[in-house]
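Enquirer: got a predicted structure here, sequence first:
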Amino acid sequence: MKIRTGLENILENPPAWIRGRRLGLLCNQASVDSRLRHSKDLLHHALPGGLKCLFSPQHGLNAEKQDNMVESADEMDPVLNIPVFSLYGDSRDPGAEQLAGIDCLVVDLQDVGCRVYTYIWTLFLAMRACAGSGVSVAVLDRPNPLGGIQAEGNLLKSDCFSFVGMAPIPMRHGMTICELARYFLDFERLDLELHTVGMNGWERDMYFSSTGLPWVWPSPNMPTPDTAAVYPGQVILEGTNLSEGRGTTRPFEVFGAPYLDAGAVRGQLDRWGLAGFVLRDQFFEPTFHKWSGERCRGFQIHVTDRNTFLPYLTTLAILSAVRKSSPADFVWKDPPYEYEYERMPADLITGDRKLRDAVDAGAAPGDMQATWREELDGFLESRRQWLLYPAG
């Protein structure tokens, strides 16, 4: 089944609230329709003279920049001859002077269903800025590649708020970007004209492979939907000295380090009996980033059952096994991380300082999972009010 995105729906019949307004568009290279045509070109032609500027998130308009404070500069779009304002540079939210030239900010971004993927927080900050400037926001919906049923992990604690999390949601939230916008509106109590343009045909049990839509990488290390499947767990490795596979052709699926004792890690994970994946031994030499040019021993995660695989719990279990097997070599990375210069990156990523302590203690995954089960159930119940598609 091919899904119609919010972009395609708004183009088919532009509503009255968008016609005749001065528009900004927050987008990147993944902002395309089912025929791989970019939203900036489509909106430019559908609403002649309406598109006044573009805004780009982390990694840049063309998703070419690498991770963690590799900034993009403002520029001009060479085809449309309009400014492109970077929201990952000198500032991470649009300034009043940038918003002064528009009446409505249109947001068309492909999220990956994980709390620490920064595009949803760029949306969050943009909504706050637009509320303060009297500019409306229109969010065009796209599929959550991880589906819309399962959620996983602890809720983000307030002492871990940062650019990789500004509201108490779990690591895998199971919401679309429009649903998150509705939640942000309520969470921040914004006085904002918000429009959400939904999809046709998307159902909550759909993974990206079921949508019939083309995948364009939304960031340089998110090359396939398979990457997104493991990302809600493997992103924690950014806060450690384990390679998360940057500098290889399968980032986040591949991981390891020169010191990793693969046999010990595999043996411990087998004893814990987690489901839905296979770890295949993998040697690799990253071409950049951690352990660049060094031979790493590790694994590739092959997801065999998306319905039983728990990416967040699985990576916490992997880290607990690595910590237990290589206590002298495994290290938590120090700041900076995403414009935070004091708190530990792993704490910002997991959203709860106690999880780092649990990994250090070699805690079993079931024990870690038990610490968030009640609050996750509460989140699943409360999120119903913001959903646009039946929850079943």
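Expert: Thanks, I have the structure now.

Enquirer: next, the contact list for the residue positioned nearest the centre of the chain, please.
Expert: The residue lying closest to the centre of the chain (Cα atoms, centre = their mean) is residue 117, at 2.5 Å. Residue 117 makes contacts with 111, 219, 231, 235, as judged by Cβ atoms under 8 Å, 6 or more residues apart in numbering. Every residue, glycine included, has its C-beta placed from N, CA and C.

Enquirer: surely the first one meets residue 142?
Expert: So that's residue 111. Yes: here residue 111 reaches residue 142: they are 7.0 Å apart, a contact under Cβ atoms under 8 Å.

Enquirer: shared neighbours of these two, anything?
Expert: Residues touching both residue 111 and residue 142 by Cβ under 8 Å, 6+ apart: 176, 177.

Enquirer: ok, back up a step: any idea how far the residue nearest to the centre of the chain is from residue 235?
Expert: 8 Å (Cβ to Cβ, to the nearest Å).

Enquirer: equivalent analysis for residue 342, please.
Expert: Counting by Cβ to Cβ, the gap from residue 342 to residue 235 is 20 Å.

Enquirer: okay, the two: which has more neighbours?
Expert: Shown here are residue 342 and residue 235; by other Cβ atoms under 10 Å, residue 235 has more neighbours (25 against 7).

Enquirer: so who does the residue nearest to the more buried one when sequence neighbours are not counted touch?
Expert: If the residues on either side of it in the chain are set aside, residue 235 comes closest to residue 116, at 5.5 Å by Cβ to Cβ, 6 or more residues apart in numbering. The neighbours of residue 116, taking Cβ under 8 Å, 6+ apart as the test, are 164, 165, 171, 235, 349.

Enquirer: ok, now with 10 Å
Expert: Neighbour list for residue 116: 156, 162-165, 171, 231-232, 235-236, 238, 338, 348-351 [criterion: Cβ atoms under 10 Å, 6 or more residues apart in numbering].

Enquirer: residue 177 too?
Expert: Taking Cβ under 10 Å, 6+ apart, one finds 6, 107-111, 113, 119-120, 123, 139-144, 196 in contact with residue 177.

Enquirer: dihedrals phi and psi, it?
Expert: phi -70, psi -30 (degrees, to the nearest 10).

Enquirer: for residue 373, same thing?
Expert: phi -60, psi -50.

Enquirer: report how many residues lie close to it.
Expert: By the measure other Cβ under 10 Å, the count of residues near residue 373 is 10.

Enquirer: same deal with residue 281?
Expert: Other residues lying near residue 281 total 12 when counted by other Cβ under 10 Å.

Enquirer: now do the helix or strand that contains it: which elements does it pack against?
Expert: Assessed by DSSP states H and E, residue 281 sits inside strand 277-284. Contact partners of strand 277-284 among helices and strands, from 3 or more Cβ pairs under 10 Å, 6 or more residues apart in numbering; DSSP states H and E: helix 225-234, strand 254-257, helix 262-272, strand 296-303, helix 311-325.

Enquirer: and if we set it to 6 Å?
Expert: Applying 3 or more Cβ pairs under 6 Å, 6 or more residues apart in numbering; DSSP states H and E, we find strand 277-284 packed against strand 296-303.
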